[in-house]
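**Q** no FASTA, just this:
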């Protein structure tokens, strides 16, 4: 078992111990999320509390979230400027605004179909903002399968939109490698 998995297991045990203790407002414990403040049975450790990377299932931030304008360069070199909500992933932005970014695994860092190329400055800023200054092992593994890999390649599902991304440009590759046998292309929900 790798060191990372062991620490996640230890963190999960810690979370379970906290869940078993009585707390007047369990939803307010650091590192925990719940769908309802009064629903203690729905309380779970967040991925961040477990030391994992951000993985989304769902809608992300609501329509009232602050926005920044970003530009996608399509495979045919046409450009589309969209409003990205701060706090959502780049993949969520693309799906919400109709940009042709596939995301076959639906944003869980299990494919390379949301591969994008970033400008060097943004790539460096995002790396500087990461805990260890490097991409996660999962993202690196998936990028190894990406079509048209560059030194500033990232997965759109692993890029969280921030206020400092105003005016950023993201280039979509000319093709993607989708390993689903049936060619599954998910539709956002």
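**A** Nice, I can see it. Please read all numbers here as calculations on a predicted model, not as lab measurements. Numbering: from 1, shown residues only.

**Q** Is there a neighbour count for the residue lying closest to residue 80 once chain neighbours are set aside? I'd like the number.
**A** Using Cβ to Cβ, 6 or more residues apart in numbering and skipping residues adjacent in sequence, the residue nearest residue 80 is residue 72, 5.2 Å away. Glycine gets a C-beta too; all of them are placed from N, C-alpha and C. Using other Cβ atoms under 10 Å, residue 72 has 24 neighbouring residues.

**Q** I'd guessed residue 72 sits against residue 170; true?
**A** Yes. Contact criterion Cβ atoms under 8 Å: residue 72 and residue 170 qualify, at 5.4 Å.

**Q** roughly how far apart are the residue nearest to residue 80 and residue 144?
**A** 23 Å (Cβ to Cβ, to the nearest Å).

**Q** Also residue 105?
**A** Counting by Cβ to Cβ, the gap from residue 105 to residue 144 is 15 Å.

**Q** a strand runs through the residue nearest to residue 80, doesn't it?
**A** Yes. Counting by DSSP: H, G, I helix; E, B strand; the rest coil, residue 72 is located in a strand.

**Q** Run a quick check on residue 145 versus residue 113, I expect a contact.
**A** No. Contact criterion Cβ under 8 Å: residue 145 and residue 113 do not qualify, at 9.4 Å.

**Q** who's more crowded, these two?
**A** Between residue 145 and residue 113, counted using other Cβ under 10 Å, residue 113 has the larger neighbour count: 27 against 14.

**Q** With adjacent residues omitted, what lies nearest to the more buried one?
**A** In this structure, residue 113 finds its nearest non-sequential neighbour in residue 102, 3.8 Å apart by Cβ to Cβ, 6+ apart.
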